[in-house]
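Student: for reference, the sequence and a predicted model appear below.
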Amino acid sequence: MNLHQKLIRWAPIIFVSALIIALAFIWYFTFSPSAWEKTPNYLQKYTDFIITRPLDAFLTVSSGPAETWGVYAWVSIPTYLLIVIHIVLYVVGKQKKKQYTVVNKQYLIYLVALGLFAISFQNASQYYGWYWNPELNAPGYVDTWTHITSPWLLGALVAPLALERYLGWDKKFKWFFIFSVLAITAFGWEIGETLDVQTADPEAKYFNYPMDSLKDIIMGAGIAMILSCWIYELFMKYFSEKAWTS
């Protein structure tokens with residue numbers, strides 16, 4: 001391939017990338033300084049939280065329906081346990097030349113990092129009260145990110161199980177299976193939030209509004225499904241290992 005052909009091939013990519021970078025700068029500088037001053041430094045607060053309260057950040061969380069009932073839930077333990085199970089099955093399977101879970105070591109590293117981040121971010125949001133915006137008397141916008149990252153982690157944990165192969169399904173049915181898991185979880189969580197406010201604490205300031213609840217379900221079942229499945233398939237495609245199944 002000569003220089004002219006290379007330029008023709010890469011020119012659109014270079015142009016579009018430059019345009020996106022330019023738009024990103026314009027987006028940033030169109031906000032007035034006062035807009036940034038009123039925005040909390042979430043990164044600094046999150047960093048301070050995990051440094052000063054590591055146990056609260058990575059192990060315990062009091063959130064969701066259990067919070068109103070006064071239950072201090074160790075919800076992170078099952079998540080870490082499933083990550084450990086994936087790692088153990090990967091190591092044992094490699095020794096026995098069998099794939100008990102369809103995964104590779106790069107994905108396991110990603111899974112550990114995602115698990116630590118999603119759990120600590122959820123806990124920081126709960127600790128600082130980022131779920132609620134008192135000025136608007138409505139859910140805060142950090143609520144949007146937590147309703148993506150938590151189910152994204154759940155989908156990432158379920159993807160390597162590859163249950164479709166045990167049911168004789170085509171590989172593409174993985175998306176349906178993960179969507180089903182996330183949809184059931186999202187509906188269950190939102191139903192729990194609504195009933196919790198109505199029955200356990202009628203005076204609670206947070207009411208589970210239908211449109212906010214629908215938004216959470218779309219993010220938890222739809223966007224998280226796309227992220228978890230798509231990223232999983234990228235890892236399997238670009239970091240594929242020799243099949244061990246006999």
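Tutor: Thanks, I have it. Quick caveat: nothing in here was measured; it's all calculated off a predicted structure.

Student: okay, and the residue sitting nearest the centre point of the chain sits in which element?
Tutor: What sits nearest the mean C-alpha location of the chain, by CA atoms, centre = their mean, is residue 149, with 2.3 Å. Using DSSP states H and E, the element containing residue 149 is helix 142-158.

Student: C-terminal to the helix-or-strand element of the chain with minimal mean pLDDT, which secondary structure element comes first?
Tutor: The helix or strand of the chain with the poorest confidence is helix 65-68; it has a mean of 47 (mean pLDDT, DSSP states H and E). Scanning forward in sequence from helix 65-68 by DSSP H and E, the next helix or strand is helix 76-96.

Student: and that next one with helix 142-158, angle?
Tutor: If you take axes from the mean of the first three to the mean of the last three CA atoms, to 10 degrees, helix 76-96 sits at 30 degrees to helix 142-158.

Student: buried residues in whichever helix or strand comes after helix 76-96?
Tutor: Moving toward the C-terminus from helix 76-96, the first helix or strand encountered (DSSP H and E) is helix 105-128. Within helix 105-128, the residues that count as buried by 16 or more other CB atoms under 10 Å are 107-108, 110-111, 114-116, 118-128. Every C-beta, even on glycine, is put in place using the N, C-alpha and C of the backbone.

Student: do the same with stretch 214-226
Tutor: In stretch 214-226, counting by 16+ other CB under 10 Å, buried: 216-217, 219-225.

Student: what about it, distance to the chain center?
Tutor: 10 Å (CA atoms, centre = their mean, to the nearest Å).

Student: any weak-confidence spans in this structure?
Tutor: 1, 61-75, 164, 166, 196-207, 242-246 (pLDDT under 70).

Student: burial of residue 95, as a residue count?
Tutor: 9 (other CB atoms under 10 Å).

Student: nope, residue 56 is what I was after
Tutor: Counted with other CB under 10 Å, residue 56 comes out at 17.

Student: in what helix or strand does it lie?
Tutor: Using DSSP H and E, residue 56 falls in helix 54-58.

Student: which helices and strands sit right next to that helix?
Tutor: In this structure, helix 54-58 makes packing contacts with helix 42-52, helix 105-128, judged by 3 or more CB pairs under 8 Å, 6 or more residues apart in numbering; DSSP states H and E.

Student: residue 240 is nearest to which of those helices?
Tutor: helix 105-128 (9.9 Å; CB to CB).

Student: roughly how far does residue 52 sit from residue 45?
Tutor: 11 Å (CB to CB, to the nearest Å).

Student: dump the residue contacts of residue 167.
Tutor: Counting by CB atoms under 8 Å, 6 or more residues apart in numbering, residue 167 touches residue 173.
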